[in-house]
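J.: Here is my input, please return the structure:
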Amino acid sequence: MGLLKVFSQLNSMFAYYVRVPKTLHRTLVELARSEGVSLNQFITYTLSRAVGLRPF
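T.: Numbers count the residues shown, from 1 in each chain. Alright, predicted model coming up:
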């Protein structure tokens with residue numbers, strides 16, 4: 001999985017708070033759990049892929 005590669009490319013970390021519907025949160029938690037990563041790691045990885053930061 002390329003999560004560590006994505007994190008190593010980030011120079012700085014910033015906190016970003018966003019309100020999401022409960023159903024979306026539940027889905028994200030389930031997906032993160034199925035990948036064996038934290039929710040934060042899963043969201044960071046997913047967002048980086050969505051904007052074209054592809055470490056593979």
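J.: Low-confidence ranges, the chain, go.
T.: 1-12, 54-56 (pLDDT under 70).
J.: switch to 90 and redo it
T.: By pLDDT under 90, the low-scoring segments of the chain are 1-18, 48-56.
J.: Taking the centroid of it, which residue is nearest it?
T.: Geometric centre of the chain, nearest residue: Ile43, 2.1 Å, by C-alpha atoms, centre = their mean.
J.: got the contact list for that one?
T.: Going by C-beta atoms under 8 Å, 6 or more residues apart in numbering, Ile43 touches 28, 32. Where C-beta positions appear, they are placed from N, C-alpha and C, glycine not excepted.
J.: What strand or helix carries it?
T.: helix 39-50 (DSSP states H and E).
J.: Any buried residues in that helix, and which?
T.: Using 16 or more other C-beta atoms under 10 Å as the test for burial, helix 39-50 gives 41-45, 48.
J.: Tell me where the protein has helices.
T.: Remark: helices assigned in the chain by DSSP state H are 3-9, 22-35, 39-50.
J.: Which of the ones you listed sits closest to Tyr16?
T.: For the helices of the chain, the distance to Tyr16 is smallest for helix 39-50, at 9.3 Å, taking C-beta to C-beta.
J.: got the angle for that closest one vs helix 22-35?
T.: For helix 39-50 against helix 22-35, the angle by axes from the mean of the first three to the mean of the last three C-alpha atoms, to 10 degrees is 90 degrees.
J.: Tell me the spacing between the residue nearest to the centre of the chain and Leu31.
T.: 10 Å (C-beta to C-beta, to the nearest Å).
J.: and the helix holding Ile43, how far from the chain's centre?
T.: 2 Å (C-alpha atoms, centre = their mean, to the nearest Å).
J.: same check, this time on stretch 13-26
T.: 11 Å.
J.: Throw the helices of the chain into CSV and include distance to Ala15, thanks.
T.: Shown next, in CSV, are the helices of the chain (distance: least, C-beta to C-beta, whole Å):
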stretch, distance to Ala15
helix 3-9, 15
helix 22-35, 17
helix 39-50, 10
